[in-house]
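**Q** fold the following.
(2 chains)
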Amino acid sequence: MRKTVKKMDGIHLDRRTFLKGVALGLAGTALPLNKADASFWESFFQKHFKEMNDAEIKQVLGRLEREYEEKYKKVIKVGNQKAMPEVIFGYGLDLSRCIGCRRCVYACVEENNQSRDPQIHWISVLRFKKGEKWVDLVESEKYYNPEKVPEEGYFYMPVQCQQCKNPPCVRACPTQATWKEPDGIVVIDYNWCIGCRYCMAACPYGARHFNWTDPGRKSAEINPQTHYLGNRPRYKGVVEKCTFCIQRTRNGRYPACVEACPVGARKFGNLLDPKSEIRYAIEHKRVFRLKEDLNTYPKFYYFFAYGV
Amino acid sequence: MEEGNKAPWRCCFIAFLTVVLFSANMYAEEQDVPKKFFVTPPPFSAGIYPCSMCHKGLPTNIQPRKLQANMNIALKHMPGGWCFECHNPDNRDKLRLANGKLVSFEESYNLCGQCHGTILREWKAGLHGKRTGMWNGDKQYYLCVSCHSPHEPRFKPIKPSPPPVRPMDIK
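**A** Next up is the predicted model:
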C-alpha cells in the first residue's frame, strides 16, 4: 500500500513542469515540416523593415518572390529601390484641365495590382457643380456616369493619397507599419500591418483602402515589376494606398496616372529641383492644397493653369 | 625695335577681339534658333506623308474653297484662315512660319506658338501638355497636334471609364 503511494508521488507534476511540457508539445506539433511551413516561420519572425540590414531584406524579398510565384504561377520581381538623395516628390493636378474621364483610376489599378473583385481604387474622381461653394466635398459626386465628359456646368477633382509632410495616418498606426520615406512618400509594410484600420480613420482624404478579402484578380493581370513598399501583391486584412508609383518614380519614371492622363492635367517632379515642372506650377499658378487647414502639409498641389 | 615689340601685342589684341566677338555671335545664334525638343512623332494618318507624293504635280490653288480630295478636313480653327497660313505652298512637306521660315512637322510647335505664345512658353516649361518618360531624364513631349487636331483644335468630349462600385453593391 505504501509502495503505491510512493508511485503516486513519482508521477506528481508541479505546475511549472506541466506548463513546460505542454509548451514543448505544442511547439512540436507546429514544427516546420515542409517548405511552406518554413516560409511561414520566416515571415512570422521577420523584423521591422527599418531594422533589417540589406542582407536580411534581400532574404525577405527572395522569400516573397518564391511565395508569389507559387501563388500566382508567374515570376514576380519584388524590388527595394531606395530613395534618391536630394529628392522630395511633389505632384500637381491642373483642375482647369481635368475632364473627369477616370483614365488615371484604371491605369493605377493595372500598374499597382489592386484587387479587381472586390474593387479597390486608389484614385477617386469627385465631380462638383460649378458655382460659389465650389469645393463643397459634401455635395461632391463620386459615382457620376454620363454619356460624355466633361459635362456643362461641372468640374472634376481627382483625390488620392496626398503624401502629407505631417501625415496623421502615420501617427495613428499602433505598430509603425506605415511611415514617411526620405523622399516624402508615405509607405506601408504589408507584412507588418495588423489591419486595425486606425490609419483609415485618421486620414482626412479617404486615401487608404482595406483588403476585406484576399485581393481578387487574374494572374495575367498582375504587373510583375513590383516594390516591397509599393505595388507587390497584398494580403487579406491589410491597408493599402497610393505610393506615387514608388516602383516607377524611384527609377526615374513618371507615375502611371501621369502617363495615362489624356489631357496632360497631371504633373510630377522633384520639389527640390527649381527647374522641375511641379516647381514651375507652384511658382506661376494659383495653387491650393486640399484641407490645408488640418496642417497635414500635403505634397499634392491642385492648381489652375488658365482661367477659372 | 619699338614697333617690333608692339606688333605681337597688337596681334594678341586682335585675336582676343575676334574670339570675343565670335563667341558673342555664337551665343546670339543659339538664342535665335529655337531649341529642339524631344517630341513624339507627328500623328499622321497612314500613308499621308510625305504630302508631296500627291501634291507634286498639282497646281497650287490659293483660293479658299470646298476641298475635294482632303474632304475629311473641316477647318474650324482661325476663322478667315486658309491652308497656306500654315502649310507651305512650294514644298508641301514643310510648314511655313509667318516670317517665311520653313519648319518641319516635328517642330510644328513653333508654328502654333506664333499665335499661342503663352501656351508655347508653358509647354516648354512642361506645364501645358503631356510628357512621358523620365521625370529626371529623357522625356517625350507630346506635340500640340498630338492632342489638338490642327484643323479643329477643340477637345471633343469622351466617354468616361465606369464609375466605382458602390459599397452596398460589393458582395
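**Q** can you map out the helices along the stretch 201-308 of chain A?
**A** Under the criterion DSSP state H, counting those that start in this stretch, the stretch 201-308 of chain A contains helices at A:246-249, A:256-260, A:277-284.
**Q** mind checking which of the ones you listed is nearest chain B?
**A** Nearest to chain B among the helices of the stretch 201-308 of chain A is helix A:277-284 (3.6 Å), distances taken as C-beta to the nearest C-beta. All C-beta atoms are positioned from the backbone trio N, CA, C, and that covers glycine.
**Q** mind putting the helices of the stretch 201-308 of chain A into CSV with distance to chain B, mean neighbour count and mean pLDDT?
**A** Below are those laid out as CSV (distance: least, C-beta to the nearest C-beta, whole Å; neighbours: other C-beta atoms under 10 Å in any protein chain shown; pLDDT from 0 to 100):
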stretch, distance to chain B, mean neighbour count, mean pLDDT
helix A:246-249, 7, 26, 97
helix A:256-260, 5, 24, 96
helix A:277-284, 4, 19, 94
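**Q** what distance separates the start and the end of stretch A:276-289?
**A** 19 Å (C-alpha to C-alpha, to the nearest Å).
**Q** likewise stretch A:148-161?
**A** Start-to-end, stretch A:148-161 (C-alpha to C-alpha) is 27 Å.
**Q** likewise stretch B:74-84?
**A** Rule used - C-alpha to C-alpha; the end-to-end distance of stretch B:74-84 is 15 Å.
**Q** can you give the contact residues for it?
**A** Under the criterion C-beta atoms under 8 Å, 6 or more residues apart in numbering or on different chains, residues B:I62, B:P64, B:E85, B:R96, B:C115, B:P150, B:H151, B:E152, B:P153, B:R154 lie in contact with stretch B:74-84.
**Q** and the last one, how many residues sit next to it?
**A** Spelled out, it's B:R154. When neighbours are defined as other C-beta atoms under 10 Å in any protein chain shown, B:R154 has 8 of them.
**Q** then it would be within a strand, right?
**A** No. Membership of B:R154 in a strand is not supported by DSSP: H, G, I helix; E, B strand; the rest coil, which gives coil.
**Q** and it, its phi and psi?
**A** phi -70, psi 140 (degrees, to the nearest 10).
**Q** wait, what's in contact with it?
**A** Remark: with contacts taken as C-beta under 8 Å, 6+ apart, B:R154 is in contact with B:K76, B:H148.
**Q** and the pLDDT at it?
**A** Note on B:R154: pLDDT of 90.
**Q** residue ranges with poor pLDDT in chain B?
**A** Scanning chain B with the threshold set as pLDDT under 70 gives B:1-9, B:11-36, B:71.
**Q** how about the residues of it by chain A?
**A** Residues of chain B lying close to chain A (C-beta under 8 Å from any C-beta of the partner chain) are B:122, B:125-137, B:139, B:142, B:147, B:155, B:157-166, B:170-171.
**Q** tell me where chain B has helices.
**A** With DSSP state H, the ranges of helices along chain B come out as B:2-32, B:52-55, B:108-112, B:117-125, B:144-147.
**Q** mind listing what's buried along the second one?
**A** Translated: helix B:52-55. By neighbour count with 16 or more other C-beta atoms under 10 Å in any protein chain shown, helix B:52-55 contains the buried residues B:H55.
**Q** lowest-scoring secondary structure element of chain A by mean pLDDT?
**A** helix A:2-10 (a mean of 53; mean pLDDT, DSSP states H and E).
**Q** next SSE after it?
**A** On the C-terminal side of helix A:2-10, the nearest following helix or strand under DSSP states H and E is helix A:15-29.
**Q** so for the helix or strand that that next one is followed by, what's the average pLDDT?
**A** The helix or strand immediately downstream of helix A:15-29 is helix A:35-44, counting by DSSP H and E. The pLDDT scores in helix A:35-44 average 78.
**Q** helix A:35-44 packs against which elements?
**A** On a contact count with 3 or more C-beta pairs under 8 Å, 6 or more residues apart in numbering or on different chains; DSSP states H and E, helix A:35-44 meets helix A:54-72.
**Q** pull up the pairing partners for the helix or strand just after the helix it packs on, direction included.
**A** Per DSSP H and E, the first helix or strand lying C-terminal to helix A:54-72 is strand A:77-79. Next to strand A:77-79 in the sheet, as set by DSSP bridges, lie strand A:225-227 (parallel).
**Q** check which residues of the partner strand are buried.
**A** Using 16+ other C-beta under 10 Å as the burial criterion, the residues of strand A:225-227 that qualify are A:T226, A:H227.
**Q** quick one: contacts of that strand?
**A** A:76-81, A:113, A:232-233, A:243, A:246-247, A:250.
**Q** can you rerun that using 10 Å?
**A** Residues outside strand A:225-227 that contact it (C-beta atoms under 10 Å, 6 or more residues apart in numbering or on different chains): A:61, A:64-65, A:68, A:76-81, A:111-113, A:187, A:231-233, A:243, A:245-251.
**Q** can you say which of these are buried?
**A** The neighbour count (16+ other C-beta under 10 Å) marks A:61, A:64-65, A:68, A:76, A:78-79, A:81, A:111-113, A:187, A:231-233, A:243, A:245-250 as buried among those.
**Q** could you list the low-pLDDT ranges of chain A?
**A** Applying pLDDT under 70 to chain A flags residues A:1-10, A:28-36, A:132, A:134-135, A:307-308.
**Q** please repeat the previous calculation with a cut-off of 90.
**A** A:1-44, A:117, A:130-139, A:216, A:305-308 (pLDDT under 90).
**Q** how's it carved up into domains?
**A** The record's domain parsing of chain A by automatic domain parsing lists A:2-79, A:89-304.
**Q** and those domains, which is most packed in?
**A** Counting by mean count of other C-beta atoms under 10 Å in any protein chain shown, domain A:89-304 has the highest mean neighbour count of those, with a mean of 19.
**Q** that one: end-to-end distance?
**A** End-to-end distance for domain A:89-304: 20 Å, by C-alpha to C-alpha.
**Q** got a list of what A:F304 touches?
**A** Per C-beta under 10 Å, 6+ apart, neighbours of A:F304: A:D94, A:L95, A:S96, A:R97, A:A281, A:K285, A:R286, A:V287, A:F288.
**Q** okay, it and A:G92: tell me how far apart.
**A** Computed as C-beta to C-beta, to the nearest Å, the A:F304 to A:G92 distance reads 11 Å.
**Q** just B:T40 next, same as before
**A** Taking C-beta to C-beta, one finds B:T40 at 21 Å from A:G92.
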